[in-house]
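model the structure of this input:
(one chain, ligands or ions: 1)
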Amino acid sequence: MSLLVVGTVAFDTVRTPFGVAERILGGAGTYAALSASYFGAKSRIVSVVGGDFPQEHIDLLKSRDINLEGLEIIKGEKSFFWEGEYHNDMNTRTTLATEVNVFENFKASIPDSYKESEYLLLGNLHPSIQNSVLEQMNKRPKLVVMDTMNFWMDTAWDELLATIKNVDVLAINDEEARQLSGEYSLKKAAKSILTMGPKLLIIKKGEHGALLFSDDDIFFAPALPLEEVFDPTGAGDTFAGGFIGYISKTDDLSFENIKRAVIYGSAMASFTVEKFGTDRLIDLSDKEVSERLQEFLTLTKFDIQL
Ligand code: AMP
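A predicted model of the protein is given here:
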């Protein structure tokens, strides 16, 4: 099945207690599309980079079979740049710089050949741009997943609510869920957010896993306890890409399958954090992915008879 990812393709400088990686390949769209590429989905990306974006990054995305017809390159302009620093616990980070550059005037024009994509992932961008993507589609995708961030809650509240209304799955972190709903309890937050439009809500809790809510059910996926956590950047986007990649591969929207997709997304995110940037997402083998899934099964399996 076809999958369209809209999101940033960028340069990141990442500072962690283990070292610094400067101007490496990053961006929410990059992580999501790379992650989805492991599920055989025909991923297409809509994004923009500047003339400074190296051919080797483009070749890397192509090598994962990601269709780049929707990647605009604006010569003479600079790519999106983000810099962040992780603190000692690796769970909290400070954003040191966000230079939107080519994204200043980004319109997200969807190529005609993408307009019938069956699955759509709206990465974290201005909510009006996310909504305009939906409006450009020739037909409603089977599933629309949206990410967002606190910044849009502070600066574009009305547009955000108008976009959330139109999506099927909202995937945000716990802090964002609390801000969006005004509720501290995540259960109450989910109840309130599910009245805003989405049928499903995913609350990502970093190293504490992810919660999936529908009106009637709750499912929890842990994060694997890992020996090496080098760089959590992009974990959320990798999760989202693996989640929708798995659903587009299986083409099954039942709650049981969506639970499996949460586990696949979590497994993909567990790889991303093990190395700097996208390094771990470049050449994973099927065996590595299935071993990781087995670890999830073993971690969560128990037997209680009531
Ligand atoms: P995450 O760690 O899941 O928050 O994703 C981090 C990735 O998102 C980095 O690769 C950044 O390039 C990208 N990013 C950071 N800030 C923004 C922003 N304001 N809008 C879109 N993408 C961003």
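
in the chain, which spans are strands?
Using DSSP state E, the strands of the chain run over 2-6, 10-16, 19-26, 42-50, 71-74, 80-86, 93-99, 119-122, 143-147, 169-173, 200-204, 210-213, 218-221.

reformat those strands as a markdown table; add distance to the ligand and mean pLDDT.
Placement of C-beta: from N, CA and C, glycine included. Shown next, in a markdown table, are these (distance: least, CB to the nearest ligand atom, whole Å; pLDDT from 0 to 100):
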| stretch | distance to the ligand | mean pLDDT |
| --- | --- | --- |
| strand 2-6 | 11 | 98 |
| strand 10-16 | 4 | 97 |
| strand 19-26 | 3 | 97 |
| strand 42-50 | 10 | 95 |
| strand 71-74 | 15 | 98 |
| strand 80-86 | 4 | 97 |
| strand 93-99 | 5 | 96 |
| strand 119-122 | 11 | 98 |
| strand 143-147 | 8 | 98 |
| strand 169-173 | 8 | 97 |
| strand 200-204 | 8 | 97 |
| strand 210-213 | 13 | 98 |
| strand 218-221 | 17 | 96 |
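
so which of those strands comes closest to residue 235?
Distance to residue 235, taken as CB to CB, is lowest for strand 200-204 among the strands of the chain, at 8.1 Å.

helices or strands next to the closest one in the packing?
For strand 200-204, the contact count by 3 or more CB pairs under 8 Å, 6 or more residues apart in numbering; DSSP states H and E identifies strand 169-173, helix 174-181, helix 186-193, strand 210-213, helix 235-250 as packing neighbours.

now the ones you listed in TSV, with mean neighbour count?
Output for the helices and strands packed on strand 200-204, formatted as TSV (neighbours: other CB atoms under 10 Å):
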stretch	mean neighbour count
strand 169-173	25
helix 174-181	19
helix 186-193	18
strand 210-213	23
helix 235-250	28
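
and the helix of greatest length in the chain, what's buried?
For the chain, the helix with the greatest residue count under DSSP state H is helix 255-272. Within helix 255-272, the residues scored as buried using 16 or more other CB atoms under 10 Å are 258, 260-272.

flag every residue of this structure that's near the ligand.
Residues of the chain found near the ligand (CB under 6 Å from any ligand atom) are 8, 10, 12, 26-28, 82, 98, 124, 233-237.
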